[in-house]
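# missing the sequence, but the structure's below:
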């Protein structure tokens, strides 16, 4: 006597696979729609804050210190520092401004550079 097969025929597996993938696709689509709605809310809030802002952002040196601290002193490139300033303050810092400020901070003993990466010195981390 022959035992019944415990494996599904190929066609049935394909259908089951398609059902699972269809459900995953539906769930991911719903997540994407929710994420888009949340993204728009945050963009609107940032635009409102930037539009209504009366306070000036901190000076370049203070913004750089804060971004480097946020990076947990793992070292950031100049481009990453500038990107962090834009993210946090909505300020487009010119590359020359970033370089000049970083070099002045290095001369004052606040930062150090290793290759392309900038770090805060211990004294600047404590303040």
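Looks like it came in fine. Small disclaimer: the values here were computed from a predicted structure and weren't measured.

# where does the prediction get shaky in the chain?
1-9, 123-127 (pLDDT under 70).

# could you break it into its assigned domains?
9-55, 60-126 (automatic domain parsing).

# please state the offset of the longest one from the chain centre?
Going back to what we said before, that points to domain 60-126. In this view, domain 60-126 has its centroid 16 Å away from the chain centroid, taken as CA atoms, centre = their mean, to the nearest Å.

# ok so, going back, tell me which of the domains of the chain is the most buried.
domain 60-126 (a mean of 15; mean count of other CB atoms under 10 Å). Where C-beta positions appear, they are placed from N, C-alpha and C, glycine not excepted.

# which stretch of helix or strand covers residue 22?
helix 10-52 (DSSP states H and E).

# same check, this time on residue 61
Applying DSSP H and E as the criterion places residue 61 in helix 60-70.

# and that helix, what does it pack against?
If contacts are counted by 3 or more CB pairs under 8 Å, 6 or more residues apart in numbering; DSSP states H and E, helix 60-70 sits against helix 78-89, helix 95-107, strand 117-120, helix 122-126.

# among the ones you listed, which is nearest residue 49?
With CB to CB as the measure, helix 78-89 is the member of those nearest residue 49 (10.7 Å).

# the inter-axis angle of that closest one versus helix 60-70?
Interaxial angle, helix 78-89 versus helix 60-70 (axes from the mean of the first three to the mean of the last three CA atoms, to 10 degrees): 100 degrees.

# packing partners for helix 78-89?
Counting contacts by 3+ CB pairs under 8 Å, 6+ apart, helix 78-89 is packed against helix 60-70, helix 95-107.

# nearest to residue 78, of the ones you listed?
For residue 78, the closest of the helices and strands packed on helix 78-89 is helix 95-107, at 5.3 Å, according to CB to CB.

# after the closest one, next one along is what?
Counting by DSSP H and E, what follows helix 95-107 is strand 111-114.

# so what touches that next one?
Here strand 111-114 makes contact (CB atoms under 8 Å, 6 or more residues apart in numbering) with 64, 68, 75, 102, 105, 106, 118, 119, 120, 121, 124.
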